[in-house]
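**Student:** coordinates for the following, if possible.
(4 chains)
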Number of protein chains: 2
Amino acid sequence: MKTVTIQVIAEVAKVSKSTVSRVLNGSAGVRPDKRKAILDATQRLGFQPNVVARSLANGRSMTIGVLTQNIGSPFYDAISQGVIVGLQNSSYSPIFMDGQWERTSEITAISALLGRRVDGLLLIGGVLSEKDISRVCKDRPTIVIARQLAKLKTPCIFVDNVDGGYVATRHLIEHGHRRIAFIQGLAQHQDAMDRFAGYCRALKEAGIELNRRLLLDGDFTATKAECSVTRLCESKLKFTAIFAANDASAFGARLALYRRNIRVPDEVSIVGFDDQMESAFLTPPLTTVRQPAQEMGNLASQALLEMLNGKAFKSQLLKGSLQIRESVARLKNRSSKQA
Amino acid sequence: MKTVTIQVIAEVAKVSKSTVSRVLNGSAGVRPDKRKAILDATQRLGFQPNVVARSLANGRSMTIGVLTQNIGSPFYDAISQGVIVGLQNSSYSPIFMDGQWERTSEITAISALLGRRVDGLLLIGGVLSEKDISRVCKDRPTIVIARQLAKLKTPCIFVDNVDGGYVATRHLIEHGHRRIAFIQGLAQHQDAMDRFAGYCRALKEAGIELNRRLLLDGDFTATKAECSVTRLCESKLKFTAIFAANDASAFGARLALYRRNIRVPDEVSIVGFDDQMESAFLTPPLTTVRQPAQEMGNLASQALLEMLNGKAFKSQLLKGSLQIRESVARLKNRSSKQA
DNA sequence: AACATTTTTGAAACCGGTTTCAAGCAACAA
DNA sequence: TTGTTGCTTGAAACCGGTTTCAAAAATGTT
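**Tutor:** Numbering: from 1, shown residues only, chains lettered A, B, ... in the order given. Predicted coordinates for the structure are as follows:
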């Protein structure tokens, strides 16, 4: 019951293993009768090429290293899913390592991936500097997903968070809102900062002064957002709308308002960011900026495959699209005068 | 700029590559001075062992094959995350392939994994028969997650869906409900059938006759559930509670009720199944049966590692725990009489 | 000092493929 | 018929490690 190698096939088909290799890879012509004998043998013995040996021989492991971030966020999960799907019909398989949003962890993870001789790298989010990335990833084809690198030396696929934040906020402004609270994301997180920048830009454009007291603590979790919005309500500070840095925060906000019997959108409007599955089923369905997460993963993996075929790839900036649902209402004139 | 192999290290340290291998693996004693020279060299040259070569040599690829199901469900995503985390501090890495809930796809995926000589397999969900599994996985250590196999020849980790369905339904009954609609899951899906069985058992135990008209079409999506519940409302059929086969369906149900201005839980109570992150932030927070998804993935990967170390593993049946929140209310006596 | 025992070491085989190289062979043109 | 060309083919080297085996060196014993 020994394992079936090309050597075995060779013996059965009465040829050399070189020839077996050739028909299996179609790398050279082989006389039809021998080819048939070989094919028959592989079929009959259920031969399955050893990818490991093959990798060693030709230097290509046929694996893609994926750096994920264990944050249990639907957004990042969807990206991973997209990567898996995108690689599905290629002969490459993804191998995952967690970076934990932490520099040394990420470097360790990437090194491990490199030790496995992955042919390319997909970095989902993370905190590595551009210098770190180019140093640790060496010359391996790499694409960064859901993150914008300043220099863009390493190709990335990401949505324009500033624009997204701007669009979301402007949507509220267009509905007459001027007292718009912003639930911030994690302080050091670039996405959070960008969305905030978009918020600021929209306010400025509309001539609305930024009110620091309407800037709420947040860390992308619903719990934190709920807490912050509750506090905001207690503060008696007037506000008519909330822009949450992500959908999870919007959920938290919605619950906080529910607890105080504040109606959405009649009394307070909400806009989120991400458009995760559940958002369309919030009550009321959440208006939010859609980030095409799965598509990004898909796109990135496809692009990486092309890079492996020698094609160049340039960074892609995607625009988030506003999904208008029912969590935003036109402001009643009652409070529209008091800017 | 050639790659650093143990051969290079050997030359630099003036020893044979056998010796280098020995200190790197600690597989045999080496004279301290030589050991130091070798260690220095590896350090200085930044040597990183080629996992592929190592795998070929000793027959262990240090990878775990994970069969996932691309259904974009938070539940399955969480399991995958759990697997990644569980393998984090081992020297094994997970390699993912999608099965698409489809027999031939799953078999293809597993074969591909086997071609990569994975040391063990983790099968998340899926539709493969026990015979299929043992045939295709050969003798490789395998654990099935989130699925109960009848014979239990292959070890599995799963929650007791019948019990979960029973607990959920009984909770509603204990609150005085007797007209309890059930949003079914995918027809051919075992989990769905089991939860339904639990529902039936609870009804029977309480002497409530099963009303087929209260069995709603469902496929585990919120959309379908919303549609079914809407239809139920239109049918004028009386019901005071809904047990949804999963949380997504509960979301759909909740939205359908919201649209018709039916208050939850005052007029209709809802219980879900899964306890995904967002459920605690539904308005009102959803009472649901918690499945410890991430823990299951974690547990399974740890268990698989132990199997690889020769320890035996027996299937684990977990109990879902009812998370009591605010979507269930005691039935007002108004309708409690009409059974 | 001589011998037995244990430890350290390098050469070589091996894992299962791919690829180079040159030889073998058939077909073709002169 | 002979020389040239082109296609098939097998032997051998190679990828980068691990492991066996026997020789060499170190250590212990008498």
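**Student:** for the closest residue to A:Glu209 other than its chain neighbours, give me its contacts.
**Tutor:** Nearest-residue entry for A:Glu209: A:Leu203, 7.5 Å, with adjacent residues in sequence omitted and distances by CB to CB, 6 or more residues apart in numbering or on different chains. Backbone N, C-alpha and C define where each C-beta goes, glycine included. Neighbour list for A:Leu203: A:169, A:173, A:180, A:209-210 [criterion: CB atoms under 8 Å, 6 or more residues apart in numbering or on different chains].
**Student:** quick one, what contacts the nearest residue to A:Asp217 once chain neighbours are set aside?
**Tutor:** Leaving aside its sequence neighbours, A:Asp217 sits nearest to A:Ser228 (CB to CB, 6+ apart; 4.8 Å). Counting by CB under 8 Å, 6+ apart, A:Ser228 makes contact with A:183, A:216-218, A:252, A:256.
**Student:** repeat that for A:Cys156.
**Tutor:** For A:Cys156, the contacting residues are A:143-145, A:147-149, A:315-316, taking CB under 8 Å, 6+ apart as the criterion.
**Student:** show me which residues of the stretch 51-200 of chain A sit near DNA strand D.
**Tutor:** A:53, A:56-57, A:59 (CB under 7 Å from any atom of the strand).
**Student:** A:Arg330 contacts A:His175, doesn't it?
**Tutor:** Yes. At 4.8 Å, A:Arg330 and A:His175 qualify as touching, with contact defined as CB atoms under 8 Å.
**Student:** so if I had to pick from the two, which one is more boxed in?
**Tutor:** Set A:Arg330 next to A:His175 and count neighbours by other CB atoms under 10 Å in any protein chain shown: A:His175 wins out with 18 against 12.
**Student:** so the more buried one sits right up against A:Lys332, yeah?
**Tutor:** No. Taking CB under 8 Å as the contact criterion, A:His175 and A:Lys332 are not neighbours in contact, 10.7 Å apart.
**Student:** just how off-centre is stretch A:267-278 within its chain?
**Tutor:** Taking CA atoms, centre = their mean, to the nearest Å, one finds stretch A:267-278 lying 19 Å from the centre of the chain it belongs to.
**Student:** equivalent analysis for stretch A:113-126, please.
**Tutor:** In terms of CA atoms, centre = their mean, the centre of stretch A:113-126 is found 15 Å from the chain centre.
**Student:** swap in stretch A:119-135?
**Tutor:** Using CA atoms, centre = their mean, the mean C-alpha position of stretch A:119-135 is found 14 Å from that of the whole chain.
**Student:** ends of it, how far apart?
**Tutor:** With CA to CA, to the nearest Å applied, stretch A:119-135 spans 16 Å between its terminal residues.
**Student:** can you get me a residue count around A:Thr230?
**Tutor:** What A:Thr230 shows, counting by other CB under 10 Å, is a neighbour count of 17.
**Student:** and what of the one 5 residues further on?
**Tutor:** Taking other CB under 10 Å as the criterion, the count of residues near A:Ser235 is 10.
**Student:** which of the contacts of A:Leu203 are buried? Put it as a ChimeraX command.
**Tutor:** Selection command for ChimeraX covering only the buried members of these, criterion 16 or more other CB atoms under 10 Å in any protein chain shown:
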select /A:169,173,180
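**Student:** what's the closest non-adjacent residue to the residue of the stretch 101-250 of chain A found nearest DNA strand D?
**Tutor:** Distances from the stretch 101-250 of chain A to DNA strand D, computed as CB to the nearest atom of the strand, single out A:Arg117 as the nearest residue at 8.4 Å. Using CB to CB, 6+ apart and skipping the chain neighbours, the partner closest in space to A:Arg117 is A:Ser61 (4.4 Å).
**Student:** tell me which residues touch the one you found, please.
**Tutor:** When the contact criterion is CB under 8 Å, 6+ apart, the partners of A:Ser61 are A:55, A:116-119, B:52.
**Student:** so who does the residue of the stretch 101-250 of chain A closest to DNA strand D touch?
**Tutor:** Under the criterion of CB under 8 Å, 6+ apart, the neighbours of A:Arg117 are A:55, A:59, A:61, A:63, B:50-52.
**Student:** buried members of the residues of the stretch 51-200 of chain A next to DNA strand D into ChimeraX, please.
**Tutor:** Restricted to the buried members of these, where burial is judged by 16+ other CB under 10 Å, the ChimeraX selection command reads as follows:
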select /A:53,56
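**Student:** which residues of the stretch 101-250 of chain A fall in helices?
**Tutor:** Along the stretch 101-250 of chain A, the stretches classed as helices by DSSP state H, counting those that start in this stretch are A:103-115, A:130-136, A:161-174, A:190-205, A:222-234, A:247-259.
**Student:** JSON lines for those helices, including distance to A:Ser73 and mean pLDDT?
**Tutor:** Listed next are these as JSON lines, based on distance: least, CB to CB, whole Å; pLDDT from 0 to 100:
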{"stretch": "helix A:103-115", "distance to A:Ser73": "16", "mean pLDDT": "96"}
{"stretch": "helix A:130-136", "distance to A:Ser73": "21", "mean pLDDT": "92"}
{"stretch": "helix A:161-174", "distance to A:Ser73": "15", "mean pLDDT": "98"}
{"stretch": "helix A:190-205", "distance to A:Ser73": "11", "mean pLDDT": "96"}
{"stretch": "helix A:222-234", "distance to A:Ser73": "11", "mean pLDDT": "97"}
{"stretch": "helix A:247-259", "distance to A:Ser73": "7", "mean pLDDT": "98"}
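**Student:** return the most buried member of the ones you listed.
**Tutor:** A comparison of the helices of the stretch 101-250 of chain A by mean neighbour count, using mean count of other CB atoms under 10 Å in any protein chain shown, puts helix A:247-259 on top with a mean of 26.
**Student:** A:Ser279 against A:Thr288, yeah?
**Tutor:** Yes. Applying CB under 8 Å as the test, A:Ser279 and A:Thr288 come out as touching, 5.3 Å apart.
**Student:** shared neighbours of these two, which are they?
**Tutor:** Contact criterion CB under 8 Å, 6+ apart; residues bridging A:Ser279 and A:Thr288 by contacting each: A:247, A:250, A:272, A:323, A:325.
**Student:** SS state for the closest residue to DNA strand D within chain A?
**Tutor:** DNA strand D sits closest to A:Gly29 of chain A, with a gap of 2.3 Å, by CB to the nearest atom of the strand. A:Gly29 carries the three-state label coil when classified by DSSP: H, G, I helix; E, B strand; the rest coil.
**Student:** beta partners for A:Thr68?
**Tutor:** Partner residues in beta bridges with A:Thr68, using DSSP bridges, are A:Asp98.
**Student:** number of nearby residues for it?
**Tutor:** Counted by other CB under 10 Å, the residues lying close to A:Thr68 total 25.
**Student:** for A:Ser91, same thing?
**Tutor:** 11.
**Student:** wait, isn't it in contact with A:Met62?
**Tutor:** Yes. Proximity of A:Ser91 to A:Met62 meets the contact threshold set by CB under 8 Å, at 5.6 Å.
**Student:** how about A:Val30, what does it touch?
**Tutor:** By CB under 8 Å, 6+ apart, A:Val30 lies in contact with A:19, A:22-23, A:38.
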